[in-house]
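# would you be able to build a 3D model of this:
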Amino acid sequence: MKILPLITLAALAIITLPSVSYAQVNRAMEQLSALNRIQPLQNPEFEAADDILGRKIIDRKNKVVGNARDVIINQNGTIASIQTDFDRLRLGSEVNLNFRTLRIGTVSNAYSLNMDSDEIAAFYPQLLSDIETASGDNTDTFSTRELLGTTLRAKDGRKLGKVESILFGANGGIASAVYAEMTYGTLRGEALAVPFRSVTFKTERGRLVGNVSNDLADAMIKIADD
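Numbering: from 1, shown residues only. Next up is the predicted model:
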């Protein structure tokens with residue numbers, strides 16, 4: 001008599017599992033459909049990595065003082081620092097500017113510093129001594145340049161494609177999405193954006209890879225195949 005309820009419960013659990021998975025895939029598809037409603041590279045809400053890398057650095061007087069050589073991103077998409085070349089000030093080595101500590105602003109086509117040229121030059125030796133690594137030993141931050149071309153996989157190991165670009169929102173103030181070129185199965189030439197926070201980047205065997213949940217992977221394949 002005690003065995004029957006256990007069997008019934010087990011059977012019910014097996015029956016209900018697929019519906020939960022379908023629901024998760026459907027939610028992921030709704031999210032992806034909204035994100036890709038406008039072709040991501042043509043969406044005015046986004047700026048692609050190619051537009052962000054090389055962006056002008058301006059001082060508080062709106063004078064161009066350098067260029068962004070790389071943008072270092074936290075796992076949640078916020079910017080940790082900007083690798084900067086102060087070539088206009090003829091300052092030698094590149095430095096990493098802490099985005100939050102220096103209260104770096106975002107304006108159209110530029111990052112702005114709350115210092116003038118003379119103050120930047122005076123502060124430069126400290127910037128050199130406090131220099132951060134682009135991706136180095138910090139496993140929680142990632143170089144935008146290094147993310148480009150990274151393999152994208154599902155948690156179960158399926159290779160979905162590669163990162164074609166990182167899409168920034170808020171005038172370049174945050175990494176909003178990963179733009180992926182799909183190569184799964186027969187998919188070729190299809191690309192779509194997925195939320196940046198939904199991708200977990202990590203180094204495996206010396207190589208950077210991006211992983212997404214199986215539900216999101218299923219949704220990506222379905223949308224790309226439509």
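# let me see the ranges of the helices in this structure.
3-35, 49-52, 117-129, 144-147, 214-225 (DSSP state H).
# adding distance to residue 108 and mean neighbour count, write these out as CSV.
Every residue, glycine included, has its C-beta placed from N, CA and C. Shown next, in CSV, are the helices of the chain (distance: least, Cβ to Cβ, whole Å; neighbours: other Cβ atoms under 10 Å):
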stretch, distance to residue 108, mean neighbour count
helix 3-35, 23, 12
helix 49-52, 11, 17
helix 117-129, 21, 14
helix 144-147, 19, 20
helix 214-225, 31, 20
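# among those helices, which is nearest residue 187?
Closest to residue 187 of the helices of the chain is helix 214-225 (Cβ to Cβ; 5.3 Å).
# and the contacts of the closest one?
Helix 214-225 is contacted from outside by 21, 24-29, 31-33, 36, 153-156, 158, 160, 180, 182, 184-185, 187, 190-192, 194, 198, 212, using Cβ atoms under 8 Å, 6 or more residues apart in numbering.
# just the CA trace of that helix, in PDB.
Extracted C-alpha coordinates of helix 214-225, given in PDB (Å, rounded to 0.1, in the frame of the first residue of the first chain):
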ATOM      1  CA  ASN A 214      20.400  24.700 -21.900                       C
ATOM      2  CA  ASP A 215      17.000  26.500 -22.000                       C
ATOM      3  CA  LEU A 216      18.500  29.600 -23.400                       C
ATOM      4  CA  ALA A 217      20.500  27.500 -25.900                       C
ATOM      5  CA  ASP A 218      17.300  25.800 -27.100                       C
ATOM      6  CA  ALA A 219      15.600  29.200 -27.500                       C
ATOM      7  CA  MET A 220      18.600  30.500 -29.400                       C
ATOM      8  CA  ILE A 221      18.500  27.600 -31.800                       C
ATOM      9  CA  LYS A 222      14.700  27.800 -32.300                       C
ATOM     10  CA  ILE A 223      14.800  31.600 -33.000                       C
ATOM     11  CA  ALA A 224      17.800  31.400 -35.300                       C
ATOM     12  CA  ASP A 225      16.200  28.500 -37.300                       C
END
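# centre of the chain to it, how far?
19 Å (Cα atoms, centre = their mean, to the nearest Å).
# pLDDT averaged over it - what is it?
Here helix 214-225 scores 92 as its mean pLDDT.
# also stretch 146-163?
For stretch 146-163, the mean per-residue pLDDT is 96.
# got the CA coordinates for that stretch in PDB?
Output in PDB follows, covering the C-alpha atoms of stretch 146-163 (Å, rounded to 0.1, in the frame of the first residue of the first chain):
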ATOM      1  CA  GLU A 146      39.300  39.200 -25.900                       C
ATOM      2  CA  LEU A 147      35.600  38.400 -25.800                       C
ATOM      3  CA  LEU A 148      35.300  38.900 -29.500                       C
ATOM      4  CA  GLY A 149      35.500  35.500 -31.300                       C
ATOM      5  CA  THR A 150      35.000  33.600 -28.100                       C
ATOM      6  CA  THR A 151      33.200  30.200 -28.400                       C
ATOM      7  CA  LEU A 152      29.600  30.200 -27.100                       C
ATOM      8  CA  ARG A 153      28.300  26.900 -25.700                       C
ATOM      9  CA  ALA A 154      25.300  25.400 -23.900                       C
ATOM     10  CA  LYS A 155      25.800  24.000 -20.400                       C
ATOM     11  CA  ASP A 156      25.400  20.500 -21.800                       C
ATOM     12  CA  GLY A 157      28.400  21.100 -24.100                       C
ATOM     13  CA  ARG A 158      26.600  21.900 -27.400                       C
ATOM     14  CA  LYS A 159      28.700  24.400 -29.400                       C
ATOM     15  CA  LEU A 160      26.300  27.200 -30.500                       C
ATOM     16  CA  GLY A 161      28.600  29.600 -32.300                       C
ATOM     17  CA  LYS A 162      31.000  32.500 -31.500                       C
ATOM     18  CA  VAL A 163      30.800  36.000 -30.100                       C
END
